[in-house]
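[1] requesting a structural model of the entry that follows:
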Amino acid sequence: RNGTAIARVAGSSTSFTDVGTKPSTAYTYSVAAVDAAGNTSTATSATAVTTAACSTCNITLNPVADSYTNQSSASTNYGSATTVLVKGGTSGVENGYLRFDTSGLAAGTIFSSALRLYSTTATQSYTVKAVSVNTWVETSINWSNAPAMGSTIATSTTTANAYVSTAVSSAVTTRGLISF
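    A predicted model of the protein is given here:
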């Protein structure tokens, strides 16, 4: 795509689907063959294509940074943890931090957005809050230096071993970094 190899397919393949494209975007494609001895053919002439516009695309974004903070261990960083813990109550508080980058989304209006989380615990309520400071660092954020949580965007309830989606459209209105 656009002069860069993006995939190799088996010799018997007659098609390829490029899943890394964006709506309403022009690309060029060419094909080169490699034989069993490793000899590469001359690439075909580039063919120009433009992807279709999309008025109702569903895009999944993974966090570009995630961590959590623990009130009981105020100077500990959990950025390398494989889970993000969130807990409230009298035995201590743990706040999860998630940052997403929407700058790569295709031009157009963002109609809605949802934060989809997986819970491993029994039914619990949680609150999603905006975090206006997007400069926190995954590997150094802790309770003592964490940016303040902003206003409540949504509240929801988890179910054990299931995904739960919470509407966060009010916080995702422009392109760029967005933290919760």
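[2] the longest strand in the chain is where?
    strand 94-101 (DSSP state E).
[3] residue 116 bridge partners, please.
    residue 165 (DSSP bridges).
[4] list the contacts of the most centrally placed residue in the chain.
    Centroid-nearest residue in the chain, with Cα atoms, centre = their mean: residue 62, separated by 1.8 Å. Residue 62 sits next to residue 100 when contact means Cβ atoms under 8 Å, 6 or more residues apart in numbering. C-betas here are computed from N, CA, C, even on glycine.
[5] tell me how far it lies from residue 144.
    Using Cβ to Cβ, to the nearest Å, we find residue 62 at a distance of 27 Å from residue 144.
[6] which SSE is the nearest residue to residue 67 once chain neighbours are set aside in?
    Leaving aside its sequence neighbours, residue 67 sits nearest to residue 79 (Cβ to Cβ, 6 or more residues apart in numbering; 4.2 Å). Under DSSP states H and E, no helix or strand contains residue 79.
[7] my guess is residue 79 contacts residue 146. True?
    No. Using Cβ atoms under 8 Å as the test, residue 79 is too far from residue 146 to be in contact (11.5 Å).
[8] ok, which stretches of the chain are strands?
    In the chain, the segments counted as strands under DSSP E are 26-29, 47-50, 65-70, 94-101, 114-119, 125-129, 152-157, 162-167, 177-179.
[9] flag every buried residue along the shortest one.
    Read that as strand 177-179. Using 16 or more other Cβ atoms under 10 Å as the test for burial, strand 177-179 gives 178, 179.
[10] kindly format the C-alpha coordinates of stretch 13-21 as CSV.
    Presented in CSV, the C-alpha positions along stretch 13-21 are these (Å, rounded to 0.1, in the frame of the first residue of the first chain):
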residue,chain,number,x,y,z
SER,A,13,-4.1,-17.0,-2.7
THR,A,14,-5.9,-14.9,-5.3
SER,A,15,-7.1,-12.1,-3.0
PHE,A,16,-6.2,-10.0,0.0
THR,A,17,-8.2,-7.7,2.3
ASP,A,18,-6.4,-4.7,3.7
VAL,A,19,-8.0,-4.0,7.1
GLY,A,20,-5.8,-1.1,7.8
THR,A,21,-7.5,1.5,5.7
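[11] tell me how far it is from the chain's mean position?
    Offset of stretch 13-21 from its chain centre (Cα atoms, centre = their mean, to the nearest Å): 22 Å.
[12] can you check stretch 23-39 too?
    28 Å.
[13] equivalent analysis for stretch 17-30, please.
    With Cα atoms, centre = their mean, you get 20 Å for stretch 17-30.
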